[in-house]
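[1] Need the 3D shape of this:
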Amino acid sequence: MNAGNRASVRKLGMQLGLLLMLLLCAGAMVGSDGFALFKWQDDASLIFDIRLPRTLGACLAGALLGLAGALAQGLFRNPLADPYLLGSASGASLGVAIGMVLLSQVNISPWFLRLGITGMAFMGAWLAVALSLILSWGVQHTLRLLLAGVVVGVVFGAAASLLLILYPSIQGSVQSFMLGSTAYVSWSACGLMVGVLMLSWFVAVAASPVLDGLALGESTALSLGLPVKSLRWLLLAVLALCTAAAVAQTGLIAFVGLAAPHLVRARVKGVHSKTLSMSCLMGAVLLGAADLLARGMLAPVELPVGVLTAILGGGYMLFLMHGMTRPGTSAKGGQA
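    The predicted model follows:
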C-alpha cells in the first residue's frame, strides 16, 4: 500500500470515527417523541438504560454486518455478495426460533438467554452456509452457489414459519425479529457483540492475505503458498458468526453488509486488512444513522430499522447494478 492509500485510509478512519461519536451523542437525545436535547437530568435512566445501549448496539450490529459483507465479497469475488448470500439469514432465523422455543421453557438469566439464542443463531447460520457449499460443490461455481443459497434459504424459512404455527406464543418476538429492530438491545447484548466483533475482526485481519491472493485468482493464491482451503473455511466460519451475532440481537437488517464494503472501496484502495477494518466502521455508521432515522423521522411512530434499510438499500442496489451493467462497464463479480 503506497503513501497515498495509507493517507486515504487514515482520513476515512478519522471521519468515520468522528461520525460514530456524533451518532452516539445523538442517540442519547432521540427517543420515541423525537429529539430531546435538554432533558439529560430528567431522563438519566432512560438515556443510560435504553437509548445508549440501543444506539451502541445498532453500531455494533452494523460493524458485524459490514465485516461479514466484506468477507463475503472477498471470498466469492462477487461485488454483489452480502452476509445473507448463502441462506445464513434464514438459518439464523430458524436457529433463533428454535432457541426461543427451547429456552423459553427454562428459567435462566437474560445474559444466558441471549448467549443461548446467539449460539443457536450461529449454528443455524453455519448449517445453512455448509449446506449451500455442499449443494454447490464448493465455492468455485458462483451461479450454482447462488442457487443453492436460494434453495437453502427457502427451506429454512419454511421451517421457521412452521415453528411459528406450532408455537404461536413466539410469533410477536419472531415478527419483530423478521422486521429488524434495535429496540430491545441491552448492555448485555452489546457486551456479547463486542466480544464477537473483536474475535472476528482479529481472525479476519490475520487471515486477510488469502483474500488478497484470491483477488488475483485461486491458482495464483495457491502458487503463493497460501493455505487457501483451510483459511477459506475459517473465514466462512467468521462470516457465519458475524451474521449470527448481528441477526440474533437486531433481527434481519438488509443491505448494510452489501453497501458498507462498496462505500469503503469507493474511497480507498488497498489490501483486505484495511478494507475489512474500514467496512466495520462504515457498517457501524450506516446502521447507527438508520436507527436514528427510524426513531426520529416519524416520531412518535417508530419505523422498524430493517424496513428503513431495505427501502434505502434497495435504491442503492438498483443504482449499483445500473452502474455495473452500463455499456463499457464490466461486472466482474460473476467469475470465481
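
[2] pLDDT weak spots in the stretch 51-200 of the chain?
    110-111, 114, 138-143 (pLDDT under 70).

[3] burial count for the nearest residue to residue 23 once chain neighbours are set aside?
    Spatial nearest neighbour of residue 23, excluding adjacent residues (CB to CB, 6 or more residues apart in numbering): residue 288 at 4.1 Å. For the C-beta atoms, the positions are set from N, CA and C on the backbone; glycine is no exception. Using other CB atoms under 10 Å, residue 288 has 28 neighbouring residues.

[4] ok, so what distance separates the most centrally placed residue in the chain from residue 221?
    Geometric centre of the chain, nearest residue: residue 65, 1.7 Å, by CA atoms, centre = their mean. Residue 65 sits 26 Å away from residue 221, going by CB to CB, to the nearest Å.

[5] Got the phi and psi for the closest residue to residue 281 other than its chain neighbours?
    Nearest non-adjacent residue to residue 281, counting by CB to CB, 6+ apart: residue 16, 3.9 Å away. Residue 16 adopts backbone torsions of phi -70, psi -40, taken as degrees, to the nearest 10.

[6] these two touch, right, residue 16 and residue 282?
    Yes: between residue 16 and residue 282 there is a contact under CB atoms under 8 Å: 6.2 Å.

[7] Look at the two and report which has more neighbours.
    residue 282 (27 against 21).

[8] how near is the more buried one to residue 17?
    11 Å.

[9] returning to what we had before: if I follow the layout properly, the residue nearest to the centre of the chain ends up in contact with residue 257?
    Yes: assessed by CB under 8 Å, residue 65 is found in contact with residue 257 at 4.1 Å.

[10] which residues do these two both contact?
    Overlap of the contact sets of residue 65 and residue 257 (by CB atoms under 8 Å, 6 or more residues apart in numbering) consists of 83, 243, 283.

[11] Can you name the residues in contact with stretch 258-273?
    Residues from elsewhere that reach stretch 258-273, judged by CB under 8 Å, 6+ apart: 1, 5-6, 8-9, 12, 62, 65-66, 69-70, 73-74, 79-82, 205, 208-209, 211-212, 215, 274-275, 278-279, 282-283, 286, 313, 316-317, 320.

[12] Likewise for stretch 165-176?
    In contact with stretch 165-176 (CB under 8 Å, 6+ apart) are residues 93, 96-97, 100-101, 104, 160, 163-164, 183-184, 251, 304.

[13] go on, stretch 204-223?
    67, 71, 74-75, 77, 140, 224, 226-228, 231-232, 234-235, 238, 271-273, 276-277.

[14] in that stretch, what counts as buried?
    Within stretch 204-223, the residues that qualify as buried are 204, 205, 207, 208, 209, 210, 211, 212, 213, 214, 218, 221, counting by 16 or more other CB atoms under 10 Å.

[15] Narrow the residues you listed to those in helices?
    Under the assignment DSSP state H, those contribute 204, 205, 208, 209, 210, 211, 212, 213, 214, 218, 221 to helices.
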